[in-house]
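Student: sequence and computational prediction follow.
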Amino acid sequence: MKKSRGRTGRKRRRKHLQSFMDGVSCSHKLEYIKLKKWLKDRGFEDSNLRPAEFWDTGRGLMTTKAFQAGDLIISLPEKCLLTTGTVLSSCLGEYIMKWKPPVSPLIALCTFLIAEKHAGEKSLWKPYLDVLPKTYTCPVCLEHDVVSLLPEPLRKKAQEQRTTVQELYMSSKAFFSSLQPLFAENTGTIFNYSALEWAWCTINTRTIYMKHSQRECFSLEPDVYALAPYLDLLNHSPNVQVKAAFNEQTRSYEIRTNSQCKKYEEVFICYGPHDNQRLLLEYGFVVMDNPHSTVYVSSDILLKYFPPLDKQRNTKLSILKDHDFLENLTFGWDGPSWRLLTALKLLSLGADEFTCWRRTLLGDVISARNEQQTLNITAKICHFLIQETQHVLLQISQLKRNKENLKKHLALVEALRLEDLKILQKSAEILCNLNMAKT
Ligand SMILES: C[S@@+](CC[C@H](N)C(=O)[O-])C[C@H]1O[C@@H](n2cnc3c(N)ncnc32)[C@H](O)[C@@H]1O
């Protein structure tokens, strides 16, 4: 058959290509039909959004009309929001009010989610609970073997996250036991560690910011969370801008886009200008070609490249510490950061230049020798990090073959490390060009 090369052919080819780029709508699935009905009963007007599966971002929301900058994407009535107010007006309320010392707003919400999930068919929130993820990929859910493959300082923060959730569980056990009169089953089996981990991740990855006034029955931690069914299907893109807030007039949580979005494309919001380490820590995912991504250089690595016999080494280190120059030293898409270069310039000061340390911190050029040494050491650190990243990537590919059960988590760390490698290679190229320009 003759290939159609005309307008119809082009249209067909574009449509074929488009079908791979677009998501696959899942709005026909029973759980979403039930969720939409539940939302409608609470005053949610059907919008132009549809739940869909996207090949790159997973489940998200697709638009059925083109959005222009300034358009309202979604407006979710107050009645649909799950806040500490919801928890207090449930049967948990009286237990929370009499518990001393008061529980945090976070633990109140976790308790509510676990209790409602346990209630199953009887829960008023069932249509929402049914579409929540069953598992998460935040660091607290990762196995030790996977956490050890994370770059610093994320590895440390991942361990801290695990400790936070474990401590939260231990410190809430007595409160959970106090709820026994509400349940036929033992509260120890309902409010177990994995239930709390699931609830904690649900809140950490899905809540919108909504400030509520301080209530006496809660501890002093800020009460700023609200779960927003359906709206929380919106995925993140670092390349869009939105305005999101509770509208006191319409008594709805509203999101307006500042970007354009074509019909049938995924609608994104921006969770904040986060780098990939922060996205993984707080939400359990990473974005490729994230403009905010950076590779962190720890002070241990920094010091590896300086002579231990430098008499001013300790003084230089104290200066860097006192002026907060030992943290947030990074490589980015545009090369080494100013902070990294400044820290390295200070460490590279010769004995005769040491008195100039203040000027160095302000960004002054001290000498051609100092500039050159700084560039050389920056390039060495960059190459060291490239090798380290390549080594970890090799370990990951071996583990992926041997540990089928960790595949999803390993793929996540792999994506993070691949993005790091791209940043480092770009930085090495920039440093090489800078070096060539100087010689
Ligand atoms: C508020 S929810 C968004 C909806 C979510 N995808 C779902 O299916 O329920 C936030 C979670 O979505 C995922 N996510 C958000 N933006 C993403 C993106 N650009 N790429 C991959 N996953 C993303 C992450 O798992 C994150 O924790």
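Tutor: Received it, and whenever you're ready, just let me know what you need.
Student: which residues of the stretch 101-250 of the chain lie near the ligand?
Tutor: Within reach of the ligand by Cβ under 6 Å from any ligand atom, the stretch 101-250 of the chain has these residues: Pro133, Thr205, Arg206, Asp232, Leu233, Leu234, Asn235, His236, Ser237. C-beta: built from backbone N, CA, C; applies to glycine.
Student: repeat that with 8 Å
Tutor: Residues of the stretch 101-250 of the chain lying close to the ligand (Cβ under 8 Å from any ligand atom) are 131-133, 136-138, 205-206, 232-237.
Student: can you list the residues you listed in a markdown table and add secondary structure and neighbour count?
Tutor: Shown next, in a markdown table, are these (DSSP: H, G, I helix; E, B strand; the rest coil; neighbours: other Cβ atoms under 10 Å):
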| residue | secondary structure | neighbour count |
| --- | --- | --- |
| Val131 | coil | 18 |
| Leu132 | coil | 18 |
| Pro133 | coil | 14 |
| Tyr136 | coil | 20 |
| Thr137 | coil | 21 |
| Cys138 | coil | 21 |
| Thr205 | helix | 17 |
| Arg206 | helix | 19 |
| Asp232 | helix | 19 |
| Leu233 | helix | 21 |
| Leu234 | coil | 23 |
| Asn235 | strand | 19 |
| His236 | strand | 19 |
| Ser237 | coil | 19 |
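Student: can you redo the residues you listed as TSV with distance to Gln372 and pLDDT?
Tutor: As requested, these are exported to TSV (distance: Cβ to Cβ, whole Å; pLDDT from 0 to 100):
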residue	distance to Gln372	pLDDT
Val131	58	98
Leu132	56	98
Pro133	52	98
Tyr136	48	97
Thr137	44	97
Cys138	44	97
Thr205	46	98
Arg206	50	98
Asp232	52	98
Leu233	53	98
Leu234	49	98
Asn235	46	98
His236	41	98
Ser237	41	97
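Student: Ala351: which of those is nearest?
Tutor: Set against Ala351, the nearest of those by Cβ to Cβ is Cys138 (48.2 Å).
Student: what about the residue positioned nearest the centre of the chain, which SS state?
Tutor: In the chain, the residue lying closest to the centroid (Cα atoms, centre = their mean) is Leu279, at 2.2 Å. When classified by DSSP: H, G, I helix; E, B strand; the rest coil, Leu279 comes out as helix.
Student: quick check, pLDDT for it.
Tutor: The predicted local distance difference test score for Leu279 is 98.
Student: now it: how far from the ligand?
Tutor: 8 Å (Cβ to the nearest ligand atom, to the nearest Å).
Student: could you do Trp125 as well?
Tutor: Trp125 sits at a distance of 16 Å from the ligand (criterion: Cβ to the nearest ligand atom).
Student: now that residue: closest residue in space, sequence neighbours ignored.
Tutor: Nearest residue to Trp125 in three dimensions, chain neighbours excluded: Glu116, at 4.9 Å (Cβ to Cβ, 6 or more residues apart in numbering).
Student: tell me, how many residues neighbour the one you found?
Tutor: Per other Cβ atoms under 10 Å, the neighbour tally for Glu116 reads 22.
Student: next SSE after the helix or strand harbouring it?
Tutor: Element membership for Glu116 (DSSP states H and E) is helix 105-119. Counting by DSSP H and E, the element after helix 105-119 in chain order, helix or strand, is helix 126-129.
Student: so what's the gap between that following helix and the chain middle?
Tutor: Centroid separation between helix 126-129 and its chain, computed with Cα atoms, centre = their mean, to the nearest Å, is 24 Å.
Student: next one: stretch 359-374
Tutor: 36 Å.
Student: list of residues touching that stretch?
Tutor: Identification of contacts with stretch 359-374 by Cβ atoms under 8 Å, 6 or more residues apart in numbering yields 319, 323, 325, 338, 341-342, 344-346, 348-350, 353, 356, 438.
Student: swap in stretch 95-111?
Tutor: Contacts of stretch 95-111 (Cβ under 8 Å, 6+ apart): 82, 84, 87-88, 92, 168, 172, 175-176, 178-179, 182, 191, 196, 199-200, 203, 212, 216-219, 221-225, 227.
Student: what is the end-to-end distance of that stretch?
Tutor: Length of stretch 95-111, first residue to last, Cα to Cα, to the nearest Å: 11 Å.
Student: also stretch 39-53?
Tutor: By Cα to Cα, the extent of stretch 39-53 from end to end equals 21 Å.
Student: which residues touch that stretch?
Tutor: Applying Cβ under 8 Å, 6+ apart, the contact partners of stretch 39-53 are 22-27, 29, 32, 36, 59-65, 73-77, 79-80, 131, 229-230, 233, 266-267.
Student: average pLDDT across that stretch?
Tutor: Mean per-residue pLDDT for stretch 39-53: 93.
Student: show me where this protein has strands.
Tutor: Under the criterion DSSP state E, strands of the chain are mapped to 24-25, 49-54, 58-63, 72-77, 208-209, 225-226, 235-236, 242-247, 252-257, 266-269, 295-296, 330-332, 335-336.
Student: could I get the ones you listed in TSV, plus columns for distance to Asp145?
Tutor: Below are those laid out as TSV (distance: least, Cβ to Cβ, whole Å):
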stretch	distance to Asp145
strand 24-25	33
strand 49-54	29
strand 58-63	24
strand 72-77	40
strand 208-209	34
strand 225-226	32
strand 235-236	27
strand 242-247	37
strand 252-257	39
strand 266-269	32
strand 295-296	22
strand 330-332	26
strand 335-336	31
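Student: identify whichever of those strands lies nearest to Leu150.
Tutor: Evaluated over the strands of the chain, closeness to Leu150 peaks at strand 295-296, with 11.1 Å, by Cβ to Cβ.
Student: list the helices and strands the closest one packs on?
Tutor: Applying 3 or more Cβ pairs under 8 Å, 6 or more residues apart in numbering; DSSP states H and E, one finds that strand 295-296 contacts strand 330-332, helix 407-438.
Student: just give me the neighbour total for Thr207.
Tutor: 18.
Student: confidence score at it?
Tutor: The model reports Thr207 with a pLDDT of 97.
Student: and for Arg14?
Tutor: 56.
Student: tilt between the lengthiest helix in the chain and helix 407-438?
Tutor: Secondary structure assigned by DSSP state H gives helix 368-402 as the longest helix of the chain. Per axes from the mean of the first three to the mean of the last three Cα atoms, to 10 degrees, the angle that helix 368-402 makes with helix 407-438 is 160 degrees.
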